[in-house]
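In: Kindly return the folded structure for what I paste below:
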Amino acid sequence: MNNHPLVRIVRLTLEKYQRDNVGGMAAALAYFTIFSIFPLLLVVISLVGFVVDPERFNVQEQLLALIGSPEVRELIAQTLSHFAETRVGAGLLGAVTLVFAATGLFGALTQTFRTIWETRQRGGEGGIKTAVTGLVLERLTAFALLLGVAALILVAVLGNVALSLLGAYTDWLPLNSLLLGLAQYGLVVALITLAFATLYKVLPGPIPQWRDVWPAALLAAILFTLLQEMAQLIFGRVNFSSFGVLGGAMMLLLWIFISSQILLIGAELSYAWAHVLGSRRALTHPRPDATMP
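Out: As a prediction, this is how the structure comes out:
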């Protein structure tokens with residue numbers, strides 16, 4: 001039983017979780033994210049706005065629906081409104097600043113995933129030119145991922161519109177509300193799974209293969225959606241209002257920290273899956289004939 005592949009995957013995931021200090025990495029990632037989340041949301045909403053009307057299709061509301069706590073949603077909505085009123089992103093320089101801040105989060109994720117996959121970016125070869133080229137490529141990759149996030153949000157918006165129209169024409173069917181609810185949940189899980197799988201595949205470098213990341217991405221997506229359902233219960237146990245103005249920021253930071261834990265646990269699981277059942281299995285368990293002289 002102890003040699004069953006699933007048991008080995010769980011054991012390796014837990015070992016890597018402790019060895020890599022995932023809790024510490026999640027805390028650092030949460031600290032970095034809190035400075036990037038608002039530019040990230042603004043850029044995503046703006047990119048989606050090139051295709052559909054953000055106000056008509058409630059793009060911001062659908063984005064914030066991924067956050068389970070009403071208090072955190074209200075804090076983010078107020079901050080985004082303040083950004084819009086003060087015209088932080090006005091002009092070309094403002095747009096570049098927002099994109100740079102938003103893509104910075106993907107840079108932090110890249111370093112974290114490379115730590116998990118035990119890969120390191122080459123340094124010290126080629127001097128300044130190589131370093132600058134690497135930085136530019138990293139930012140371009142981050143911007144491509146940002147476009148991917150916007151595309152997924154657009155698919156989610158259009159999918160919800162299609163489901164709403166379908167519900168209006170099929171309201172006479174029995175269990176119509178239940179079926180539509182399940183369809184919406186399935187759509188959310190599918191899109192989050194795709195987003196997580198892309199991060200797990202792209203950011204660590206060329207080592208992970210797609211077959212290594214799908215199971216971990218699916219599990220992380222399910223855990224993430226469960227977090228949204230349980231967020232009210234989690235945050236309801238702590239009286240953040242007693243902290244005054246800082247209460248909302250502390251609540252947001254806690255939500256980001258828990259979400260980061262889920263994301264990084266999925267990355268650790270993808271590493272374990274690759275080394276037990278996936279593309280790295282031959283390196284971990286070489287065939288007998290491969291070691292014979």
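In: pLDDT (mean, whole number) over the helix or strand where Ile9 lies?
Out: Applying DSSP states H and E as the criterion places Ile9 in helix 5-19. For helix 5-19, mean pLDDT rounds to 93.
In: What are the buried residues along the helix or strand following that helix?
Out: Downstream of helix 5-19, the next assigned helix or strand under DSSP H and E is helix 22-49. With burial defined by 16 or more other CB atoms under 10 Å, the residues of helix 22-49 counted as buried are 22, 25-30, 32-33, 36-48. Bear in mind the C-beta positions are built from the backbone N, C-alpha and C, glycine included.
In: now the helix holding Ile9: how far from the chain's centre is it?
Out: Relative to the centre of its chain, helix 5-19 is centred 22 Å away, using CA atoms, centre = their mean, to the nearest Å.
In: Does Leu75 touch Met250 like I think?
Out: No. In this structure, Leu75 is not within contact of Met250 by CB atoms under 8 Å, at 10.3 Å.
In: which of those two has more neighbours?
Out: More crowded of Leu75 and Met250, by other CB atoms under 10 Å: Leu75, with 18 against 12.
In: can you state the direction angle for the helix or strand Ile128 falls within and helix 22-49?
Out: Using DSSP H and E, Ile128 sits within helix 127-169. Here helix 127-169 runs at an angle of 70 degrees relative to helix 22-49 (axes from the mean of the first three to the mean of the last three CA atoms, to 10 degrees).
In: next helix or strand past helix 127-169?
Out: helix 176-202.
In: what's the burial count for Thr133?
Out: The number of residues near Thr133, taken as other CB under 10 Å, comes to 11.
In: ok, it - contacts?
Out: Thr133 makes contact with no residue, according to CB atoms under 8 Å, 6 or more residues apart in numbering.
In: That one and Arg139: what is the separation?
Out: Per CB to CB, to the nearest Å, Thr133 is found 11 Å from Arg139.
In: show me where pLDDT drops low in the stretch 101-250 of the chain?
Out: Residues of the stretch 101-250 of the chain meeting the criterion pLDDT under 70: 120-127, 131, 172-175, 232, 234, 236-245.
In: one more time with 90
Out: Along the stretch 101-250 of the chain, segments meeting pLDDT under 90 span 101-111, 118-185, 187-188, 203-207, 225-250.
In: Tell me, what's the model's pLDDT at the residue nearest to Arg8 when sequence neighbours are not counted?
Out: Nearest residue to Arg8 in three dimensions, chain neighbours excluded: Val276, at 5.0 Å (CB to CB, 6 or more residues apart in numbering). Here, the pLDDT recorded for Val276 equals 93.
In: Now for Val276, how many residues are close by?
Out: 21.
In: same check, this time on Val52
Out: 14.
In: do the same with Phe50
Out: Phe50, neighbours per other CB under 10 Å, totals 9.
In: what's the answer for Ser177, then?
Out: The burial count for Ser177: 11, using other CB under 10 Å.
In: tell me the contacts of it?
Out: Taking CB under 8 Å, 6+ apart, we find Ser177 in contact with Gly167.
In: Now do it against Leu254, distance only.
Out: 32 Å.
In: before we move on, back to that, what lies in contact with the helix holding Ile9?
Out: With contact meaning CB under 8 Å, 6+ apart, helix 5-19 is reached by 1, 22, 116, 265, 268-269, 271-273, 275-277.
In: Now do the buried residues in it.
Out: For helix 5-19, by 16+ other CB under 10 Å, it's 8-9, 12-13, 16-17.
In: Val273 reaches Ala216, doesn't it?
Out: If you look again at residue 273, you'll see it is Trp, not Val. Yes. Applying CB under 8 Å, one finds Trp273 in contact with Ala216, separated by 6.0 Å.
In: before we move on, what SS does Val52 have?
Out: Following DSSP: H, G, I helix; E, B strand; the rest coil, we place Val52 in the coil state.
In: Show the pLDDT at it.
Out: What the model reports as pLDDT for Val52 is 76.
In: and the nearest residue to it once chain neighbours are set aside, how many neighbours?
Out: Excluding the flanking residues, the one nearest Val52 by CB to CB, 6+ apart is Val157, at 6.4 Å. For Val157, the tally of surrounding residues (other CB under 10 Å) stands at 19.
In: and Val157, what does it touch?
Out: 48, 52, 57-59, 62.
In: Which one of those is nearest to Thr110?
Out: Val48 (24.1 Å; CB to CB).
In: so what's that closest one up against?
Out: Residues in contact with Val48, defined by CB under 8 Å, 6+ apart, are 54, 59, 150, 153-154, 157.
In: and which of these is nearest Ala190?
Out: Within the contacts of Val48, proximity to Ala190 (CB to CB) peaks at Ile153, which comes in at 13.5 Å.
In: Kind regards, and thank you for your time.
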